[in-house]
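A.B. asks: My questions are about this predicted structure, shown below with the sequence.
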Amino acid sequence: MSVLAQVSNHLPIVSPSPFYGTIYLVEPGSSWKSRFSNEIDQARAARRSGNEGKARVCARRAAGIVVQEALRRYGTSLTDPSAYVQLKYFHDLPRISPDIQDVISHFLMRITEEGNLPIEADLIQDALWLATELLPNSSID
């Protein structure tokens, strides 16, 4: 049984955040796969150019796109498009597997004063893993 199949079909909708206006992660109306691939490509490019901070941001947005699509497939839509809000909401759902919660927690961590994650984690790989776990019948290029 899918992870999300264990979650109620009628999850509450989160109200808009007072701290954000409308944030479009990418062009509205594009498919989740193309938006996800675009963020992963940007994350890899940032890493190649030595900008690990930007790579983390792009990987977080990619993970947010996956969670948003998973929620959409189960009839839930959050009104706040922030990847952080999407990930936090999903992380806190009841009956989500500990493995998935653990990986999502990597995206929610604050960086250290030196600008690094406090753990060893590859957020690009984590976003790809999350896509295969939450959307198992979807081929990710």
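C.D. replies: The structure has been received and is ready for your questions.

A.B. asks: Okay, helices next: where are they in the chain?
C.D. replies: 32-48, 52-73, 83-91, 98-108, 123-134 (DSSP state H).

A.B. asks: relative orientation of the third one and helix 32-48 in degrees?
C.D. replies: What separates the directions of helix 83-91 and helix 32-48 is an angle of 120 degrees, with axes from the mean of the first three to the mean of the last three C-alpha atoms, to 10 degrees.

A.B. asks: before we move on, what about the longest one?
C.D. replies: For helix 52-73 against helix 32-48, the angle between stretch directions is 170 degrees (the same axes, to 10 degrees).

A.B. asks: residues in contact with helix 52-73?
C.D. replies: Contact partners of helix 52-73, identified using C-beta atoms under 8 Å, 6 or more residues apart in numbering, comprise 4, 11, 25, 32, 35-36, 39-40, 42-44, 46-47, 77-78, 81-84, 86-87, 89-90, 104, 107, 111, 115-117, 123-124, 126-127, 130-131, 134-135. Bear in mind the C-beta positions are built from the backbone N, C-alpha and C, glycine included.

A.B. asks: Would you mark the buried spots in it?
C.D. replies: Within helix 52-73, the residues scored as buried using 16 or more other C-beta atoms under 10 Å are 52, 55-71.

A.B. asks: what do you get for the third one?
C.D. replies: Judged by neighbour count using 16+ other C-beta under 10 Å, the buried positions of helix 83-91 are 83-91.

A.B. asks: could these be laid out in CSV, adding distance to Ile140 and pLDDT?
C.D. replies: Formatted as CSV, the buried residues of helix 83-91 follow (distance: C-beta to C-beta, whole Å; pLDDT from 0 to 100):
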residue, distance to Ile140, pLDDT
Ala83, 17, 94
Tyr84, 22, 95
Val85, 23, 94
Gln86, 18, 94
Leu87, 18, 96
Lys88, 23, 96
Tyr89, 22, 95
Phe90, 18, 94
His91, 21, 95
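
A.B. asks: wait, what's in contact with Ala46?
C.D. replies: Residues near Ala46 by C-beta under 8 Å, 6+ apart: 52-55, 58.

A.B. asks: gap between it and Ile96?
C.D. replies: Ala46 sits 29 Å away from Ile96, going by C-beta to C-beta, to the nearest Å.
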